[in-house]
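Chemist: Next come a sequence and a model predicted from it.
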Amino acid sequence: MVKDYLLRGVTKVGNMRGIACVTTDMVNEACRRHNLSVTGAVALGRAMTGGALMSALLKDNQRLALRFEGNGPLRKIMVEADSAGGVRGCLGNPAAEMFSASGKVDVAGALGRAGFLTVIKDIGLKSPYQSKIQLASSEIGEDLAFYFTESEQIPSAVGLVAVPAADGAIAVAGGFLIQSLPPADESLVEAMIARIGEMAPLSTYLEQEAGPEGLLAALFVDTPLSMLTRQDLDFRCTCSRASVQKVLAAMDRDEIAAIIAEKGEVEVVCEFCKSRYGFSSL
Ligand SMILES: [Zn+2]
């Protein structure tokens, strides 16, 4: 079984950055933990893949969070990723289901076409960087590309895929992020846009043995990448008994004492990984 990982590199000429990843395992781990609907699995799969790709842009010990909030039944999609390839995610309503008239998963309809994407980056400064934009298409990939272009002024293309399997799991998930860095080579950008337009569905590249290597090779067919580096990816939560206890300690002590007196313990469930923490005293 192919483990999740990403590859990143820059073109030998023309200042383009390319990142591709396979995320099937981490998305299936999220499906198991959150008991996701098919629509939920595809939506969270795309968003977690986007978070994984963006984590490749972080420096050591930095983190980022993506918050998609829409007026559809999914309500929100939250993803966090760190520079070491740890990704976690959850949905406002993991049971929400929506299909188009042709029977395809309708992520944009489920998230809702009106809403916001907030990108938060903890890069070690006193307060985290935060940028909030309107959702562009609510299909996740286009929204992230729009964020890069709009908020960071970096022309970017994002392709994300999460293909549902018959058993409710995800057959394959992954994607790519391409950025044009200054000074931009316009002809190379034009060629890349044309290339993306003529490619086969992303899943066909990721399903094959070649994985992210094959996807990058297909994208950068005319301008090979150099300095390819690899990063393993995992579903990884940052919660711990100690961190949960800290949150409890900051809450109303009388209220918590009353719950413990009544039920014998107070239970906290992590919204990202569904781990349960029970405390019979504080
Ligand atoms: Zn957790």
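Modeler: Now that the structure is in, tell me what you want to look at.

Chemist: Can you tell me which residue is spatially central in the protein?
Modeler: Residue closest to the mean C-alpha point of the chain, counted by Cα atoms, centre = their mean, is residue 48 at 2.2 Å.

Chemist: dump the residue contacts of residue 155.
Modeler: Residue 155 makes contact with 148, 149, 179, 180, 184, 189 under the criterion Cβ atoms under 8 Å, 6 or more residues apart in numbering. C-beta here means a position set from N, CA and C on the backbone, and glycine is covered the same way.

Chemist: right, and the residue nearest to the centre of the chain touches residue 79 too?
Modeler: Yes: at 5.4 Å, residue 48 counts as touching residue 79 under the criterion of Cβ atoms under 8 Å.

Chemist: Residues that sit against both of these two, list them.
Modeler: Where contact means Cβ under 8 Å, 6+ apart, the residues bridging residue 48 and residue 79 through contact with each are 87, 89.

Chemist: Next to the ion in this structure, residues from the stretch 101-250 of the chain, please.
Modeler: Taking Cβ under 5 Å from the ion as the criterion, the neighbours of the ion within the stretch 101-250 of the chain are 237, 239.

Chemist: can you give me the helices for the stretch 101-250 of the chain?
Modeler: Taking DSSP state H, counting those that start in this stretch to define them, one finds helices in the stretch 101-250 of the chain at 107-111, 141-151, 186-198, 202-207, 211-219, 241-249.

Chemist: Return the most buried member of the ones you listed.
Modeler: helix 107-111 (a mean of 25; mean count of other Cβ atoms under 10 Å).

Chemist: what's next to it, contact-wise?
Modeler: Outside helix 107-111, the residues within contact range by Cβ under 8 Å, 6+ apart are 39-40, 42-43, 46, 68, 70, 72-74, 77, 96-98, 100, 135, 137-140.

Chemist: Repeat the analysis, applying 10 Å as the threshold.
Modeler: By Cβ atoms under 10 Å, 6 or more residues apart in numbering, the list of residues contacting helix 107-111 from outside reads 37, 39-40, 42-47, 68-77, 91-93, 96-100, 117, 135, 137-143, 160, 162.

Chemist: Done for today, thanks.
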